[in-house]
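Visitor: quick one, what's the 3D model for this:
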Amino acid sequence: MTSHSARTETGRGHRITVEAGTEHVRVVRDGRTLAESRRPLVLRETGCPDRYYLPPADVRTDLLTPSGTRTHCPFKGDASYWSVPGADDLVWAYPDPKPGVAAIAGHYCFYDTEVVS
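Guide: Numbers count the residues shown, from 1 in each chain. Down below sits the predicted model:
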């Protein structure tokens, strides 16, 4: 497993770190497992909750529908979104993130990720 650890000082007290996580995380929606991983990347950003970015191999991408939503973060770059029935824009990814967070490229992040004991 490749070890990822990056820290980006973005100015004005804003900080982002990306590290290889050891948590077992899972995303379940309406009784269906959308993702499960034991190798998440953990992104910690000033003023935001910790987010788990999951490798594509650990995500049921066949259950996701691309949405037209795009957002821009001045610190991470441009994000694309996917939906599932009943949950628009549930998951996002940065296909080409800024260099300071390059490790998250192509990884998927969900709003509702649970850490499994």
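
Visitor: just for the chain, where's the confidence low?
Guide: Applying pLDDT under 70 to the chain flags the ranges 1-12, 117.

Visitor: any idea which residue sits dead centre in it?
Guide: By CA atoms, centre = their mean, the chain has its centre lying nearest to Cys109, at 2.5 Å.

Visitor: for this structure, what spans make up the strands?
Guide: Remark: strands assigned in the chain by DSSP state E are 5-11, 14-20, 24-29, 32-37, 41-45, 51-54, 65-73, 77-84, 87-93, 108-110, 114-116.

Visitor: can I get those in CSV with distance to Val101?
Guide: C-beta here means a position set from N, CA and C on the backbone, and glycine is covered the same way. Listed next are the strands of the chain as CSV, based on distance: least, CB to CB, whole Å:
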stretch, distance to Val101
strand 5-11, 6
strand 14-20, 6
strand 24-29, 19
strand 32-37, 18
strand 41-45, 7
strand 51-54, 9
strand 65-73, 9
strand 77-84, 8
strand 87-93, 12
strand 108-110, 11
strand 114-116, 21
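
Visitor: which of these sits closest to Ala102?
Guide: strand 5-11 (7.4 Å; CB to CB).

Visitor: nearest to Gly100, of the strands of the chain?
Guide: That would be strand 5-11 among those, by CB to CB, at 3.2 Å.

Visitor: what's the burial count for Thr61?
Guide: 14 (other CB atoms under 10 Å).

Visitor: show me what contacts it?
Guide: Thr61 makes contact with Trp82, Tyr108 under the criterion CB atoms under 8 Å, 6 or more residues apart in numbering.
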